[in-house]
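K.L.:
Here is the input, now give the coordinates:
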Amino acid sequence: MKNIRDISIRNKLILMQVFTSMLVLGIVFWTFIATEFRAYKTRKKESITSLAQVIAANSISMLQFQDNDAAAKMLGELESVAPDIAVATILDKKGAVLARKVQGDTSRMQLEVSFPIRSNGELLGKIVLSARLSDLSAMKRSLLSMALILTAVAMLASFLIARIVQATLSNRLERLAQVMTEVNRTGDYSRAMEESGEDEIGTLIRNFNSLLQKVKENERRKDEFIGVASHELKTPLTSIKGYLEMLTMMETAQPKKQMVERAFANTKKLEKLIQELLDVSKLQVGHLQLQLSAFDLGELIEEAVTAFRMVSRTHVVVVEGLPKFRRVVADRQRIEQVLLNLLSNAVKYSPGEEKVVVSCEVEQADVVIEVRDLGPGIPPGEEEVIFDRFYRSKEVAEHISGFGLGLYICRDIIQRHNGRIWVESRVRGSAFRFSLPILNSTT
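P.N.:
Residues are numbered from 1 along each chain as shown. Model (predicted):
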């Protein structure tokens, strides 16, 4: 059963209004029915009491002379005068029965009236009338039928009114939820909402717009800082790298040579990070330009894998299934950057393994490149967010270095080529795949 917390605001408002209307209407109906029943019984009792008063007045002489026949004859006439009277009894002052008349069904007696018989202030006896409330059942059916009809009409009217009224509340909340979801998914902080209302929802939307503006401004400042800092770091880092490269060639004695080589390797890592930051800065301002050309994707894969094998000391890169027709129109350098990044991640995130597999296949009008590792794989739920900027998996963030920029840059590059990039979990490890449109099937 669906939890009420999971029901939409629109349906919650409708249910609340319909339920409240039904509750109030039910209270009113049952109060009205109870009042009608009470009034009916009161009227019936007054009528029977009046009848008992008349019988008591006519029974005085019969009690004084103990005339049973006359009393019985008088009670016998009640059948034509008051057919609802089930039992009529005249008792003397000692409680002995002078006359008694039973007519019809006595199992449904619902009202009893007792009236004293007096003469000159002296109590002679009493008259007891037990009546059937035969009209009560018909009255119940009539009132309940009316209540059911009015309830159905009221429920329909309440539902229609709720559908109309809730739109002023739920529509704005639903639009706000949609915009928030879209902003969270795309990272586009320029999607402000128009709102002129002065109620709490209007205040919520205005605060949301203000928050978006602040986040957008902070993003702009951060991107500007990243761009400037990366550009300023690049020049001195190039000089440091050059000097270390010279020292690597000049120094032969150990352990000095090993220390210089490690410094040079870390400089290359820093250079790669700065280049990623520059790429991110260009992506944010739209300055990342693609140099498109037609080339053989298979040759590029083989060149990239050969270059990577020269620096990979822990894993063997295996190439499988290069199709015959694989020419594409793309930025060769950027596609190589994507491939090298995926290879680097496959090695980094599969420690203790020895193999990374690169394969390529044609799927309709696209060529799909896959880089598969044998590591622990991607945790469930991270298949989409892993491509977000600065996102790093919680399970590896503590013991593997990185800023979470590589996959973000790869996704943007592939999307600019009208392709797509995604990850698939396997029984062992994970496979990162990206597709590119094939130039044609005969070239």
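K.L.:
What residue spans form the domains of the protein?
P.N.:
4-164, 224-285, 292-437 (automatic domain parsing).
K.L.:
Quick check: which of the ones you listed has the most neighbours on average?
P.N.:
Neighbour counts (mean count of other C-beta atoms under 10 Å) averaged over each of the domains of the chain peak at domain 292-437, with a mean of 17. For every residue, glycine as well, the C-beta is placed using N, CA and C.
K.L.:
Now the domains of the chain in a markdown table, please, with extra columns for distance to residue 208 and mean pLDDT.
P.N.:
Putting these into a markdown table (distance: least, C-beta to C-beta, whole Å; pLDDT from 0 to 100) gives the following:
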| stretch | distance to residue 208 | mean pLDDT |
| --- | --- | --- |
| domain 4-164 | 16 | 82 |
| domain 224-285 | 23 | 73 |
| domain 292-437 | 21 | 83 |
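K.L.:
my guess is residue 105 meets residue 131, correct?
P.N.:
No. Residue 105 is not in contact with residue 131 according to C-beta atoms under 8 Å; the separation is 11.9 Å.
K.L.:
Now for those two: what residues contact both?
P.N.:
residue 86 (C-beta atoms under 8 Å, 6 or more residues apart in numbering).
K.L.:
In JSON lines, list the domains of the chain along with distance to residue 212.
P.N.:
Output for the domains of the chain, formatted as JSON lines (distance: least, C-beta to C-beta, whole Å):
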{"stretch": "domain 4-164", "distance to residue 212": "21"}
{"stretch": "domain 224-285", "distance to residue 212": "17"}
{"stretch": "domain 292-437", "distance to residue 212": "17"}
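K.L.:
mind listing the helices for the stretch 251-400 of the chain?
P.N.:
256-285, 297-311, 332-348 (DSSP state H, counting those that start in this stretch).
K.L.:
Out of these, which gets nearest to residue 206?
P.N.:
Smallest distance to residue 206 across those (C-beta to C-beta): 26.9 Å, for helix 256-285.
K.L.:
For stretch 202-210, buried residues please.
P.N.:
The neighbour-count check on stretch 202-210 (16 or more other C-beta atoms under 10 Å) flags 204-206, 208-209 as buried.
K.L.:
Between all of these, which two are separated the most?
P.N.:
Among the buried residues of stretch 202-210, 204 and 209 lie farthest apart (C-beta to C-beta), at 9.9 Å.
K.L.:
Kindly list the main-chain dihedrals of residue 418?
P.N.:
phi 60, psi 30 (degrees, to the nearest 10).
K.L.:
From residue 123, how far out is the closest residue to it other than its chain neighbours?
P.N.:
Nearest in space to residue 418, with sequence neighbours left out and distances taken as C-beta to C-beta, 6 or more residues apart in numbering, is residue 437 at 5.9 Å. Separation of residue 437 from residue 123 (C-beta to C-beta, to the nearest Å): 114 Å.
K.L.:
Please name whichever of the domains of the chain is nearest to residue 192.
P.N.:
From these, taking C-beta to C-beta, the stretch that ends up closest is domain 224-285, at 19.2 Å.
K.L.:
how far out from the middle of the chain is stretch 208-222?
P.N.:
Distance, stretch centre to chain centre, for stretch 208-222: 27 Å (C-alpha atoms, centre = their mean, to the nearest Å).
K.L.:
Tell me which residues of it come out buried.
P.N.:
208-209, 212.
K.L.:
Closest to residue 247 out of the residues you listed?
P.N.:
For these, the nearest to residue 247 is residue 212 (50.6 Å; C-beta to C-beta).
K.L.:
Touching, that closest one and residue 191? I think so.
P.N.:
Yes. Assessed by C-beta under 8 Å, residue 212 is found in contact with residue 191 at 7.2 Å.
K.L.:
Pull up the overlap in contacts between these two.
P.N.:
residue 183.
K.L.:
next one: phi and psi at the residue sitting furthest away from the middle of the chain?
P.N.:
Ranked by distance from the centre of the chain (C-alpha atoms, centre = their mean), the top residue is residue 65, with 88.2 Å. With angles defined as degrees, to the nearest 10, residue 65 sits at phi -100, psi 0.
K.L.:
mind checking how far it is from residue 98?
P.N.:
From residue 65 to residue 98 the distance is 10 Å (C-beta to C-beta).
K.L.:
swap in residue 424?
P.N.:
Look at residue 424 and residue 98: by C-beta to C-beta, they are 103 Å apart.
K.L.:
Kindly report the same for residue 243.
P.N.:
In terms of C-beta to C-beta, residue 243 sits 136 Å off from residue 98.
K.L.:
next one: residue 174
P.N.:
To residue 98, residue 174 is 81 Å away according to C-beta to C-beta.
K.L.:
What lies in contact with stretch 51-58?
P.N.:
74-75, 81-82, 85, 88, 90, 113-118, 126-127, 129.
K.L.:
Strands - which of the residues you listed land there?
P.N.:
Members of these lying in strands (criterion: DSSP state E): 85, 88, 90, 113-118, 126-127, 129.
K.L.:
Could you work out the most separated pair of these?
P.N.:
Using C-beta to C-beta, the pair of those lying farthest apart is 85 and 118, separated by 21.8 Å.
K.L.:
for residue 180, phi and psi?
P.N.:
Dihedral angles of residue 180 (phi, psi; degrees, to the nearest 10) stand at phi -60, psi -40.
K.L.:
In this structure it contacts residue 208, no?
P.N.:
Yes. Taking contacts as C-beta under 8 Å, residue 180 lies within contact range of residue 208: 7.3 Å.
K.L.:
I'd like the helices of the stretch 251-400 of the chain as JSON lines, with distance to residue 409 appended.
P.N.:
Below are the helices of the stretch 251-400 of the chain laid out as JSON lines (distance: least, C-beta to C-beta, whole Å):
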{"stretch": "helix 256-285", "distance to residue 409": "5"}
{"stretch": "helix 297-311", "distance to residue 409": "16"}
{"stretch": "helix 332-348", "distance to residue 409": "7"}
